[in-house]
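Undergrad: fold the following, please.
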Amino acid sequence: ELIELQCDDGLRGKFRITTPLQFWSSLAASGTFPALVSGALRIASLFGSTYACEQLFSKMKTTKSKTRSELSDQRLTDVLLLSSTKIEPNLDDLCGRHQHQSSH
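TA: Predicted structure coming up:
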């Protein structure tokens with residue numbers, strides 16, 4: 001399968017213009033080169049999960065430093081959850097729901 005893949009000029013061109021994950025996913029969808037696709041996607045998932053884990057530990061180390069050592073585990077969990085999510089809060093909607101305190 002590897003030799004056939006390397007000899008295919010069309011696939012070589014496709015590899016150059018797409019990301020590796022897109023390339024292997026398209027091969028998986030087409031059903032060609034099943035052994036190569038299986039191995040490539042397995043290896044790609046290892047690095048993705050390792051990266052996310054390392055990124056989270058880095059955020060945890062930055063958040064819970066010597067100056068913030070009294071941070072509770074629950075609060076640290078909340079901070080890490082917020083810092084690692086891709087959900088964007090709608091601040092205008094959240095602020096609009098609360099009555100602002102007027103000046104005295």
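Undergrad: and the residue nearest the centre of the chain, what's its pLDDT?
TA: Central residue of the chain (CA atoms, centre = their mean): Ala52, 6.1 Å from the mean position. Ala52 is assigned a pLDDT of 73 by the prediction.
Undergrad: any idea how far Thr62 is from it?
TA: Distance, Ala52 to Thr62, using CB to CB, to the nearest Å: 16 Å. To be clear about C-beta, it is placed using only N, CA and C from the backbone, and glycine gets the same treatment.
Undergrad: likewise for Ser45?
TA: From Ser45 to Thr62 the distance is 26 Å (CB to CB).
Undergrad: do the same with Asn90
TA: Counting by CB to CB, the gap from Asn90 to Thr62 is 26 Å.
Undergrad: how about the lengthiest helix in the chain: buried residues?
TA: Counting residues, the longest helix found in the chain (DSSP state H) is helix 34-63. By 16 or more other CB atoms under 10 Å, the buried positions in helix 34-63 come out as 36-37, 40.
Undergrad: how about stretch 18-25?
TA: In stretch 18-25, counting by 16+ other CB under 10 Å, buried: 23-25.
Undergrad: how far off centre is that stretch?
TA: In terms of CA atoms, centre = their mean, to the nearest Å, the centre of stretch 18-25 is set 16 Å apart from its chain centre.
Undergrad: try stretch 7-24
TA: Worked out by CA atoms, centre = their mean, stretch 7-24 lies 22 Å from the chain centre.
Undergrad: export that stretch as PDB, just CAs?
TA: What follows is stretch 7-24, C-alpha atoms only, in PDB (Å, rounded to 0.1, in the frame of the first residue of the first chain):
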ATOM      1  CA  CYS A   7       3.600   6.300  -6.800                       C
ATOM      2  CA  ASP A   8       0.200   8.000  -7.200                       C
ATOM      3  CA  ASP A   9       0.900  11.600  -8.400                       C
ATOM      4  CA  GLY A  10      -2.700  12.700  -7.800                       C
ATOM      5  CA  LEU A  11      -2.500  11.700  -4.100                       C
ATOM      6  CA  ARG A  12       0.900  13.200  -3.700                       C
ATOM      7  CA  GLY A  13      -0.500  16.500  -5.000                       C
ATOM      8  CA  LYS A  14      -3.500  16.200  -2.700                       C
ATOM      9  CA  PHE A  15      -1.200  15.700   0.200                       C
ATOM     10  CA  ARG A  16       0.600  18.900  -0.600                       C
ATOM     11  CA  ILE A  17      -2.500  21.100  -0.600                       C
ATOM     12  CA  THR A  18      -4.400  19.600   2.400                       C
ATOM     13  CA  THR A  19      -3.500  19.100   6.100                       C
ATOM     14  CA  PRO A  20      -2.300  15.600   7.000                       C
ATOM     15  CA  LEU A  21      -5.500  14.900   8.900                       C
ATOM     16  CA  GLN A  22      -7.700  16.000   6.000                       C
ATOM     17  CA  PHE A  23      -5.600  13.800   3.600                       C
ATOM     18  CA  TRP A  24      -5.900  10.700   5.700                       C
END
